[in-house]
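**Q** What shape does this take:
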Amino acid sequence: MTLTDNQTVTISAVPPAGASLLAGGPFKAPNRAQRRAIEDKFRDMIKNNDDLKNHAASNKADIDRILKAGDDGFLNYYVWTRLHPASNCYPTIAQLDRLLSHFAKEVFRYYEDLCRSMSMAGDFISEIWSHVTRGQRKSILEQVFPGISKYPSGNLMVISKFDRGDKMDPNTWLLLNATQITTPHINLDALSQSNILLDFICARTRNPPQDFAHAELLHAPCHRWTGSDLFKRQDGFVTRFIGRHQRRYGEIEQVVDARALVTAGRAMHPWTAFKVVIIQNYIYKGLTDCIMVTMQLVDRADWRKVIRPMIPSSVAATALAIALEAPYRLPATLYLDDMEPLVSAKVNELEDHIWGLREDHVYFADVCQQAFDHNSQTMKPSKGGEALALIHFPEAVKRYVLEEVVISSHRFLALWHECKQALDDVIALQSRYRKVTSD
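**A** Down below sits the predicted model:
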């Protein structure tokens with residue numbers, strides 16, 4: 001995608017009523033005349049640029065829903081996301097926090113829907129996607145990914161020539177912030193192949209969104225924004241992508257050493273983090289919609305049919321034949337005489353272990369020490385509470401060891417008792433079938 005003469009956007013042509021809004025300085029709520037002037041300006045931009053048109057169509061509904069009437073964030077969003085850093089119009093921390101919270105919630109909603117769909121009908125979806133034609137795949141991808149490019153963007157070669165200190169005009173940044181540039185791996189040529197999209201979905205469902213937060217910036221040009229330019233505009237705030245819940249994901253924190261945290265890779269600048277959630281929202285929404293559209297290609301009654309086992313006609317309808325069709329194929333594959341002593345030995349071993357934990361304090365101390373030495377090296381804090389786990393580390397390890405030593409032992413004993421009871425029932429059933437067939 002390249003900007004031709006007909007697509008060139010001249011930001012300096014903003015009417016005088018809105019010139020103060022785009023010229024520089026802190027963002028202020030525009031009056032009615034300024035709002036109308038800016039809306040007219042961006043309406044002309046959308047008419048002359050297909051990518052911006054797709055971007056506006058896919059995001060305007062979300063922005064209208066969270067930024068109510070009278071809020072200046074909607075206009076601010078368009079100026080900043082499409083032209084930054086060439087524009088001097090920036091959102092406030094309050095606006096940015098609302099936008100981050102909303103898009104983080106959307107990312108996790110699409111992520112959960114994607115995981116649920118793949119867990120329920122993953123094999124069926126893979127079979128459908130493998131059998132449809134490549135033209136059908138491209139049609140689906142164009143429907144679920146607005147503004148998707150046909151091939152990996154060739155403008156990446158141009159982007160690699162820019163240094164961090166280069167000052168580019170707004171027309172160039174309008175191109176660099178386009179969807180085709182920020183997500184070059186989302187293209188028809190690659191995803192229309194049978195296995196690439198399935199592997200992409202598999203990777204996105206097996207790992208939470210936080211594992212891809214920093215990787216998203218490798219494709220987008222915003223990772224070339226210099227930290228000094230970002231911190232000149234907003235310092236003292238960082239964003240962390242931690243936890244598996246939307247409540248902590250993309251949360252803005254006020255810290256003292258913001259630059260040090262960003263430099264060390266432990267956090268992001270809020271503006272960079274907002275670019276990440278925009279990209280992730282685009283990806284997870286597209287993948288979820290792709291599965292929904294793919295499932296509609298097949299009648300619902302077909303993929304809900306229960307596959308029943310085929311019984312050979314040569315087999316007589318006897319009690320033994322019915323037993324052979326059971327999942328365990330009782331007389332054919334299970335050696336119950338060998339399994340009974342193994343299960344009984346495991347039950348006796350766990351009973352002796354629990355008795356030793358209860359009656360012998362030396363044995364209990366040795367087992368706890370072994371579990372402590374083994375798990376203290378590998379235990380990880382849950383829910384992103386790194387600081388809490390470091391402060392209360394001994395207590396956390398004690399709770400973990402007690403659960404591992406005491407509770408798990410009783411749980412395993414209960415499971416093996418259930419296994420022994422099930423084995424006794426199967427042995428009784430086998431003896432009953434033998435008596436029926438012998439008669």
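
**Q** Let me see the domain layout of this structure.
**A** What the record gives for the chain is the domain set 5-295, 319-438, from automatic domain parsing.

**Q** What helices and strands are in contact with the top helix by length along the chain?
**A** As assigned by DSSP state H, the longest helix anywhere in the chain is helix 93-131. Under the contact definition 3 or more C-beta pairs under 8 Å, 6 or more residues apart in numbering; DSSP states H and E, helix 93-131 sits against helix 50-66, helix 73-83, helix 194-206, strand 249-254, helix 270-295. (Each C-beta comes from the backbone N, C-alpha and C, glycine too.)

**Q** rank those by mean pLDDT and give me the bottom one.
**A** Per-stretch averages of pLDDT across the helices and strands packed on helix 93-131 put helix 50-66 at the bottom, with a mean of 47.

**Q** In PDB, could you pull the C-alpha coordinates for whichever strand or helix holds residue 239?
**A** Assessed by DSSP states H and E, residue 239 sits inside strand 237-241. Extracted as PDB, the C-alpha positions of strand 237-241 are listed here (Å, rounded to 0.1, in the frame of the first residue of the first chain):
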ATOM      1  CA  PHE A 237       3.000   6.300  34.600                       C
ATOM      2  CA  VAL A 238       3.500   2.700  33.200                       C
ATOM      3  CA  THR A 239       1.300  -0.100  32.100                       C
ATOM      4  CA  ARG A 240       1.900  -3.800  32.900                       C
ATOM      5  CA  PHE A 241       0.500  -6.800  31.100                       C
END
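
**Q** How about residues contacting it?
**A** Where contact means C-beta atoms under 8 Å, 6 or more residues apart in numbering, the residues beyond strand 237-241 that reach it are 93, 100, 209-210, 213-214, 248-255, 258, 261-262, 266-270, 272-274, 276, 384.

**Q** Can you say which of the residues you listed are buried?
**A** The neighbour-count criterion (16 or more other C-beta atoms under 10 Å) marks 100, 209-210, 213, 248-252, 258, 261-262, 267-270, 272-274, 276, 384 among the contacts of strand 237-241 as buried.

**Q** burial measure for the closest residue to residue 142 other than its chain neighbours, as a count.
**A** Computed as C-beta to C-beta, 6 or more residues apart in numbering, the closest residue to residue 142 that is not its neighbour in sequence is residue 148, at 6.1 Å. Counted with other C-beta atoms under 10 Å, residues neighbouring residue 148 total 20.

**Q** tell me the phi and psi of residue 148?
**A** Backbone torsions for residue 148, taken as degrees, to the nearest 10, come to phi -70, psi 140.

**Q** I'd guessed it sits against residue 190; true?
**A** No. Contact criterion C-beta atoms under 8 Å: residue 148 and residue 190 do not qualify, at 10.4 Å.

**Q** Give the ranges of residues in the stretch 151-300 of the chain that sit below the confidence cut-off.
**A** 151-176, 178-180, 220-229, 243-247, 298-300 (pLDDT under 70).

**Q** Mean confidence (pLDDT) on whichever strand or helix holds residue 425, please.
**A** Using DSSP H and E, residue 425 sits in helix 408-438. Throughout helix 408-438, pLDDT has a mean value of 80.

**Q** For that helix, list every residue counted as buried.
**A** Buried, per 16+ other C-beta under 10 Å, within helix 408-438: 409, 412, 413, 416, 420, 423, 426, 427, 430, 433.

**Q** ok, the nearest residue to the fifth one once chain neighbours are set aside - contacts?
**A** Here the nearest residue to residue 420 in space, its sequence neighbours aside, is residue 343; by C-beta to C-beta, 6+ apart that works out to 5.0 Å. Shown in contact with residue 343 (C-beta under 8 Å, 6+ apart): 416, 419, 420, 423.

**Q** my guess is the last one contacts residue 342, does it?
**A** Okay, so that is residue 423. No. Counting by C-beta under 8 Å, residue 423 stays clear of residue 342, with 9.6 Å between them.

**Q** before we move on, the earlier item: now the two most distant members of the contacts of residue 343.
**A** By the measure C-beta to C-beta, 416 and 423 form the most distant pair in the contacts of residue 343, at 10.2 Å.

**Q** Quick check: residue 287 vs residue 269, distance?
**A** With the distance defined as C-beta to C-beta, to the nearest Å, residue 287 ends up 27 Å from residue 269.

**Q** for residue 96, same thing?
**A** Counting by C-beta to C-beta, the gap from residue 96 to residue 269 is 10 Å.

**Q** what does residue 116 give?
**A** In this view, residue 116 and residue 269 are 33 Å apart by C-beta to C-beta.

**Q** pretty sure residue 420 contacts residue 341?
**A** No. Using C-beta under 8 Å, residue 420 makes no contact with residue 341, being 11.0 Å away.

**Q** Contact partners for the residue nearest to residue 230 when sequence neighbours are not counted?
**A** Excluding its sequence neighbours, the residue lying closest to residue 230 (C-beta to C-beta, 6+ apart) is residue 269, at 4.7 Å. Residue 269 makes contact with 227, 230, 231, 234, 237, 238, 239, 258, 262, according to C-beta under 8 Å, 6+ apart.

**Q** are any of those buried, and which?
**A** 230, 234, 237, 238, 239, 258, 262.

**Q** wait, which of these is closest to residue 336?
**A** Once C-beta to C-beta is applied, the member of these that ends up nearest residue 336 is residue 239, at 59.4 Å.

**Q** Look up the closest residue to that closest one, ignoring the ones flanking it.
**A** Spatial nearest neighbour of residue 239, excluding adjacent residues (C-beta to C-beta, 6+ apart): residue 273 at 3.6 Å.

**Q** for residue 406, same thing?
**A** According to C-beta to C-beta, 6+ apart, the nearest residue to residue 406 is residue 357 (6.7 Å).

**Q** got the angle for the helix or strand hosting the one you found vs helix 408-438?
**A** Using DSSP H and E, residue 357 maps to helix 336-359. Using axes from the mean of the first three to the mean of the last three C-alpha atoms, to 10 degrees, the direction of helix 336-359 lies 160 degrees away from that of helix 408-438.

**Q** can you redo the contacts of residue 269 as TSV with distance to residue 203?
**A** Converted to TSV, those look like this (distance: C-beta to C-beta, whole Å):
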residue	distance to residue 203
227	29
230	30
231	33
234	33
237	31
238	27
239	24
258	31
262	26
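
**Q** Nearest to residue 106 among these?
**A** residue 239 (16.2 Å).

**Q** Residues in a beta bridge with that closest one, which ones?
**A** Judged by DSSP bridges, the bridge partners of residue 239 are residue 252, residue 268.

**Q** From residue 414, how far out is it?
**A** Distance, residue 239 to residue 414, using C-beta to C-beta: 45 Å.

**Q** quick revisit: which of the contacts of residue 269 lies closest to residue 201?
**A** residue 239 (26.6 Å).

**Q** Now do the buried residues in the helix holding residue 357.
**A** Those would be 336, 343, 346, 347, 350, 353, 357, for helix 336-359 by 16+ other C-beta under 10 Å.
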